[in-house]
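Peer 1: Sequence and predicted structure below; questions after.
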Amino acid sequence: MLFWADMTMLDAARVHALLASRREGFSLAQPFYIDESFHALDLDAVFLNDWLFALNACEIPQPGDYQTLQVGGTSVVVLRNPHGEIKAFFNTCRHRGSRLCMEPQGHVHRLVCPYHQWVYDLDGALLHARQMPPDFERIGYGLAPVQVEVICGMVYICLADPSDSHPNTPDLSRFRQAVTPYIAPHQPERTKVACSMTIVENANWKLVIENNRECYHCSGNHPELLATLVEFALPDDAHGSQDFRQLMDDKARQWDSLSLPHLPADGGNEFRCIRLPFHRGAVSFTADGSPACTKLLGELTEPDLGSVRMFRVPNNWNHFLSDHIMHFRILPLSANQTELRTTWLVHEDAVEGVDYDVETLTSVWRATNDQDARLAANNHLGVASKAYVPGPYAPSEFMLRNFTNWYADKLAAYVEHASSKPRTIALQVSNG
Amino acid sequence: MLFWADMTMLDAARVHALLASRREGFSLAQPFYIDESFHALDLDAVFLNDWLFALNACEIPQPGDYQTLQVGGTSVVVLRNPHGEIKAFFNTCRHRGSRLCMEPQGHVHRLVCPYHQWVYDLDGALLHARQMPPDFERIGYGLAPVQVEVICGMVYICLADPSDSHPNTPDLSRFRQAVTPYIAPHQPERTKVACSMTIVENANWKLVIENNRECYHCSGNHPELLATLVEFALPDDAHGSQDFRQLMDDKARQWDSLSLPHLPADGGNEFRCIRLPFHRGAVSFTADGSPACTKLLGELTEPDLGSVRMFRVPNNWNHFLSDHIMHFRILPLSANQTELRTTWLVHEDAVEGVDYDVETLTSVWRATNDQDARLAANNHLGVASKAYVPGPYAPSEFMLRNFTNWYADKLAAYVEHASSKPRTIALQVSNG
Amino acid sequence: MLFWADMTMLDAARVHALLASRREGFSLAQPFYIDESFHALDLDAVFLNDWLFALNACEIPQPGDYQTLQVGGTSVVVLRNPHGEIKAFFNTCRHRGSRLCMEPQGHVHRLVCPYHQWVYDLDGALLHARQMPPDFERIGYGLAPVQVEVICGMVYICLADPSDSHPNTPDLSRFRQAVTPYIAPHQPERTKVACSMTIVENANWKLVIENNRECYHCSGNHPELLATLVEFALPDDAHGSQDFRQLMDDKARQWDSLSLPHLPADGGNEFRCIRLPFHRGAVSFTADGSPACTKLLGELTEPDLGSVRMFRVPNNWNHFLSDHIMHFRILPLSANQTELRTTWLVHEDAVEGVDYDVETLTSVWRATNDQDARLAANNHLGVASKAYVPGPYAPSEFMLRNFTNWYADKLAAYVEHASSKPRTIALQVSNG
């Protein structure tokens, strides 16, 4: 009989048991947050098996521009090919596995492995492998592709093998269709990066998401943010004051007149999209609510558009304002560390020092990110206690209920599927 | 058949086998010292299942004063409530598990979670949870209590669930009864902290204890300490000289005349308490044996009282002198790291710079702690060798025999008990 | 059914399956490079079960001189005894397991444990153990010996228990016989250390070896090295130019006239020994090919001898030139870290500042080591990718084929042997 080993051994029965004992509307059981074996499962079931936000296409504007990102142990290179298309590949040479691109970003004509100079074109084909024998068939040694979808300039990637997709690998079309009308007027594809910043939070990625999915914690922790942000997530929030409801009515009429959608999109547990106002008098996420960039996005002329808040599991939330866009991207580093990258984008023709100032543009969310990082780290430390038991979400934390329901379904489907097929290793042997 | 996995897999059979093959009077088998799985077992079987020294009550003198400490992944807050009683709680909010107190020490009127401001009183009751629905029953969401016992001001805590105590969870009453007569005259409850210092030793906690439980290593390593400390642990030590025996006789007569107990208490393997003299002419743990504090403790008037040496498994040893008290507390951080906190206490009315000087008070044991840390780390590195086999304790290491016997019994009882009940996870499911 | 646990659980069946599915001439499957469980297996099957290069005997010239090295968790002390013989012992006291020698190198008359001063002579016998009881039998508590072989001053050690040798524990005699004629003229035993340097590469030890076993990567990465080094590993390399063949012919004639062997020795997969020329005009590994030391080794008078390149699995490669010798020694620290120690030796009578200059002597290989460390680390990162699959070795990487064949055979034999005997733990119990 095993017992302490339970903490590190993971089998389908244990995952099913923990999911079966889950109480909806409560935070998850401890192992999901702190156990490295569950983290390995999260990588397989979620991060290697779903669409991840990678970057904005404007970050790699020219053919040959690339960026790399790291999903667990796996490095991916996202680039623009000579036809201007966004492509993504596993950043691993087919010779002996060296990483091809060693830098976070750069510009190349070909992908040349730094180790033995195997050369790939920007569509992944192996062009040249010096010293290989005459019978070497280059055709079989192209780079392994990563699936790409671009929605209004936002690049999503999926590392799952298309030929082995799990039954719950999502189709992005519903998401694309639902969010495009909200986002398109802000024209993310015609922006440029004003600032990009990466921090590491000492917390499980799900605690980082849970922290992001509620503003119940805002009043006690985010003074800078609450100078402009309305802390309610729905137009008809029961806690909203008479003033709030009046504000919502006023803004709804204005946005309707501009043909800008604002009511919550029906994203189920997968995504969320809604336009919500700032406090009366504020138009942007600045310390005093004044505009962060005098050049508005796309063809917009009205500065007071609130913000489109768009979230998609498992790793991306965004704000689309009249004058700038923020993309937030998380990537898990371990059970207790999560990387958060925040990107502030302005109109592609805006001029720094003239139209905008980086300090003014970024100060509120830099402070907010730091506050959230502290809260999430503290949450993680507390969850590791012997005394931790899942606790109840408040009504204003309804999006955490959505998130944990999605997560539980995702895991259950993955484990179900994995249990039904022969073990990977056995498969390798029989094919050997 | 598994084999390398043996190093990380732990089951009842393996623990029993290793304990069964143990040779009494020899150091433990390698895995007990270096294997992280065994460390996890130690946390469960020992540190979450026994009384731990936490602090002296004088460190939190006022209602609302608190300190936190970390036992494995579990944070505990020890505080003084409005009635002046010492209470302890798991430092984990019942909402989503955030730590409540983020600092090592502080002062509060209520325990307010920094995340969403749930408010607990200093007896652990949940007073307020804003935004929770009307049917939310606060009564079920009080802080999980930690058991507390105070002995002459020394605060011991036990993190075990009283309703699920293992058959070997100790009762403190025998300890309290035995040590009080030795300690009470020094009045630890009427002291104040002159200095507190925490270091991390790169060694398993059991090697730190073993290092502390013998003075066989003193002559080669502790010149500062041996200026005053008599290295024999028993009044009738066979290695003691004629001078030593004469010293013992003289001191025994003096202490008897002062009604101060000094003979070894019968603590079995659980604890030890004895009064032993300093070298003739020395009265305190200073470089030259002169007093460390001119204001004596409690009602004491005789400076030359030697020291009461009191130890209790698994994490605490102490010296009670005429002029100051030292508490030593260890807490394990991992299989190969142990935190040691040393606290020097003087009379509550002693004045720094007048009655005592911190440098003079602490220099001998600061040096000694550093020397012991080096020895323990070196011991740990050597034990990790392929060639390590348990070695024989010398007669002067009889307290290590006691300690390892206690440890083996503790583990055997825990594993026995754990094996006899259904697996935790199965239990959770059936109750789910 | 287990699945994620596969990543950390290791049994004979899994190892056999992975070895059975191995494709010869391709790099190894991912777990062999990145999984800590496989690393633990490598330590047992390879590093604790084969001959390892430790140092040159000239590094401990006097009786009582010692050096320590670390093989996994095991520290070894290599010393010269009073008879001038090289001996090695597990650096672990038989009392409670403390390391005896705490420094990387030093000089002692006896080995005295720093903890309780048990005293061993330089042949490992326990001379004195103070305070042990009269019936304590010192004879049973000598230091555990490590096997030693010295070949032309090069000290090889084997940590395997001679009484429990696996069927594939190698016999060094074939190696000794084969390489001595190549090495002896350079008289490594009559050298001294001019410089020694240790770096840590962030890569699995097998990737460090693979990096070393081919010069396919040289042209793209090692400009300093290629100023002098001929990048072909065989006299008849198919890629060699007419000039190269002419150079080989010229040098072969010269070396034959000096009775210096140069053709490849038949070392199978176990070792390699060959003499190869520098580029015409170069005689040493300096930036411009000029001599690094004006005093030639041993009785040599001809500076242009190319270099004897000698390699032995699993941890040692060397260059023997007319004017200096380089030993390279690797020791694995974890699945993803490897220590590389490089030692430059010159004639024992050479005078620094007169005959040689350390900067000139070492600059080329310091640069080369740093370049290789970067390549190996990048290779390791790429191999950790989900997309990594074993890739084909180029013809010029034939020595990697030899190495991986050797490794696979070594592992298979070890696992076979380990599977056939009762589990260690069971054995301990029945003997207990």
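Peer 2: Done, it's in. Numbering: from 1, shown residues only, chains lettered A, B, ... in the order given.

Peer 1: What number of residues are in the vicinity of the residue in the stretch 101-250 of chain A positioned nearest to chain C?
Peer 2: Per Cβ to the nearest Cβ, A:A144 is where the stretch 101-250 of chain A lies closest to chain C, at 4.2 Å. Quick note: C-beta positions are derived from backbone N, CA and C, even for glycine. Per other Cβ atoms under 10 Å in any protein chain shown, the neighbour tally for A:A144 reads 18.

Peer 1: quick one, what contacts it?
Peer 2: Applying Cβ atoms under 8 Å, 6 or more residues apart in numbering or on different chains, one finds that A:A144 lies in contact with A:89-90, A:92, A:94, A:124, C:387.

Peer 1: ditto for A:E59
Peer 2: A:E59 sits next to A:65, A:67, A:105, A:193, A:196, A:343 when contact means Cβ under 8 Å, 6+ apart.

Peer 1: do A:L55 as well
Peer 2: The neighbours of A:L55, taking Cβ under 8 Å, 6+ apart as the test, are A:67, A:69, A:78, A:155, A:327, A:329, A:343.

Peer 1: Quick check: bridge partners of the fifth one?
Peer 2: Each beta-bridge partner of A:H327 is listed here, defined by DSSP bridges: A:N318, A:T343.

Peer 1: which ones are touching it?
Peer 2: A:H327 makes contacts with A:53, A:55-56, A:154, A:316, A:318, A:341-343, A:345, as judged by Cβ under 8 Å, 6+ apart.

Peer 1: and of the residues you listed, the nearest to B:R110?
Peer 2: Set against B:R110, the nearest of the contacts of A:H327 by Cβ to Cβ is A:T342 (34.6 Å).

Peer 1: before we move on, the earlier item: dump the contacts of A:L55 into CSV; add distance to B:Q30, secondary structure and pLDDT as well.
Peer 2: CSV is the format used below for the contacts of A:L55 (distance: Cβ to Cβ, whole Å; DSSP: H, G, I helix; E, B strand; the rest coil; pLDDT from 0 to 100):
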residue, distance to B:Q30, secondary structure, pLDDT
A:Q67, 47, strand, 98
A:L69, 42, strand, 98
A:V78, 48, strand, 98
A:V155, 52, strand, 98
A:H327, 51, strand, 98
A:R329, 45, strand, 98
A:T343, 51, strand, 98
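
Peer 1: Let me know the helix or strand that A:V146 is in.
Peer 2: Here A:V146 is covered by strand A:145-151, with elements defined by DSSP states H and E.

Peer 1: name the helices or strands packed onto that strand?
Peer 2: For strand A:145-151, the contact count by 3 or more Cβ pairs under 8 Å, 6 or more residues apart in numbering or on different chains; DSSP states H and E identifies strand A:74-80, strand A:86-90, strand A:154-158, helix A:173-183 as packing neighbours.

Peer 1: Indicate each strand paired with it and its parallel or antiparallel sense.
Peer 2: If you go by DSSP bridges, strand A:145-151 pairs up with strand A:86-90 (antiparallel), strand A:154-158 (antiparallel).

Peer 1: possible to save the ones you listed as a markdown table with mean neighbour count?
Peer 2: Below are these laid out as a markdown table (neighbours: other Cβ atoms under 10 Å in any protein chain shown):
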| stretch | mean neighbour count |
| --- | --- |
| strand A:86-90 | 22 |
| strand A:154-158 | 21 |
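
Peer 1: So which of the helices and strands packed on strand A:145-151 is nearest B:L234?
Peer 2: Between B:L234 and the helices and strands packed on strand A:145-151, the shortest separation by Cβ to Cβ is 62.6 Å, and it involves strand A:74-80.

Peer 1: What does the pLDDT read for the most far-flung residue of chain A relative to its centre?
Peer 2: Here the centre of chain A is the reference, and by Cα atoms, centre = their mean the most remote residue is A:P134, at 44.7 Å. Per-residue pLDDT puts A:P134 at 94.

Peer 1: Low-confidence ranges, the stretch 301-432 of chain A, go.
Peer 2: Applying pLDDT under 70 to the predicted model, the residue ranges of the stretch 301-432 of chain A that meet it are A:420-432.

Peer 1: Please state the offset of stretch A:377-388 from the chain centre?
Peer 2: Counting by Cα atoms, centre = their mean, to the nearest Å, stretch A:377-388 is centred 24 Å from the centre of its parent chain.

Peer 1: What are the boundaries of the strands in the stretch 301-432 of chain A?
Peer 2: Ranges of strands within the stretch 301-432 of chain A are A:307-312, A:316-320, A:325-334, A:337-347, based on DSSP state E, counting those that start in this stretch.

Peer 1: In the third one, which residues are buried?
Peer 2: The neighbour-count criterion (16 or more other Cβ atoms under 10 Å in any protein chain shown) identifies A:325-333 as the buried residues of strand A:325-334.

Peer 1: returning to that earlier point: so the residue of the stretch 101-250 of chain A closest to chain C versus A:A178, what's the distance?
Peer 2: 31 Å (Cβ to Cβ, to the nearest Å).

Peer 1: Checking my notes, A:S196 in a strand, right?
Peer 2: Yes: applying DSSP: H, G, I helix; E, B strand; the rest coil, one finds A:S196 inside a strand.

Peer 1: Quick check: it touching A:W344?
Peer 2: Yes: counting by Cβ atoms under 8 Å, A:S196 does reach A:W344; the two are 7.4 Å apart.

Peer 1: These two: which is more packed in?
Peer 2: Shown here are A:S196 and A:W344; by other Cβ under 10 Å, A:W344 has more neighbours (24 against 16).

Peer 1: residues touching the more buried one, list them.
Peer 2: Neighbour list for A:W344: A:193-196, A:324-326, A:358, A:361-362, A:365 [criterion: Cβ under 8 Å, 6+ apart].

Peer 1: Going by neighbour count, which of these are buried?
Peer 2: Buried subset of the contacts of A:W344 (neighbour count, 16+ other Cβ under 10 Å): A:194-196, A:324-326, A:361-362, A:365.

Peer 1: Among these, which one sits closest to C:G140?
Peer 2: Distance to C:G140 across the buried ones among the contacts of A:W344 (Cβ to Cβ) is lowest for A:S196, with 66.6 Å.

Peer 1: what sits against that closest one?
Peer 2: For A:S196, the contacting residues are A:59, A:341-344, by Cβ under 8 Å, 6+ apart.

Peer 1: Would you mind listing the two of those that lie farthest apart?
Peer 2: Spatially, the most separated pair among the contacts of A:S196 is A:E59 and A:T342, at 13.1 Å (Cβ to Cβ).

Peer 1: sorry, back to before: now distance to B:H417 too, for the contacts of A:L55, in JSON lines please.
Peer 2: Formatted as JSON lines, the contacts of A:L55 follow (distance: Cβ to Cβ, whole Å):
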{"residue": "A:Q67", "distance to B:H417": "55"}
{"residue": "A:L69", "distance to B:H417": "48"}
{"residue": "A:V78", "distance to B:H417": "55"}
{"residue": "A:V155", "distance to B:H417": "55"}
{"residue": "A:H327", "distance to B:H417": "53"}
{"residue": "A:R329", "distance to B:H417": "48"}
{"residue": "A:T343", "distance to B:H417": "54"}
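
Peer 1: which of the residues you listed lies closest to chain B?
Peer 2: Compare each of the contacts of A:L55 with chain B using Cβ to the nearest Cβ and the shortest gap goes to A:R329, at 23.5 Å.

Peer 1: which residue sits closest to the closest one in space, ignoring its chain neighbours?
Peer 2: Excluding its sequence neighbours, the residue lying closest to A:R329 (Cβ to Cβ, 6 or more residues apart in numbering or on different chains) is A:R341, at 4.6 Å.

Peer 1: Return the distance of the one you found relative to C:N402.
Peer 2: To C:N402, A:R341 is 45 Å away according to Cβ to Cβ.

Peer 1: Specify the stretch among the helices and strands packed on strand A:145-151 that is closest to B:E149.
Peer 2: In terms of Cβ to Cβ, the element of the helices and strands packed on strand A:145-151 nearest to B:E149 is strand A:74-80, at 52.3 Å.
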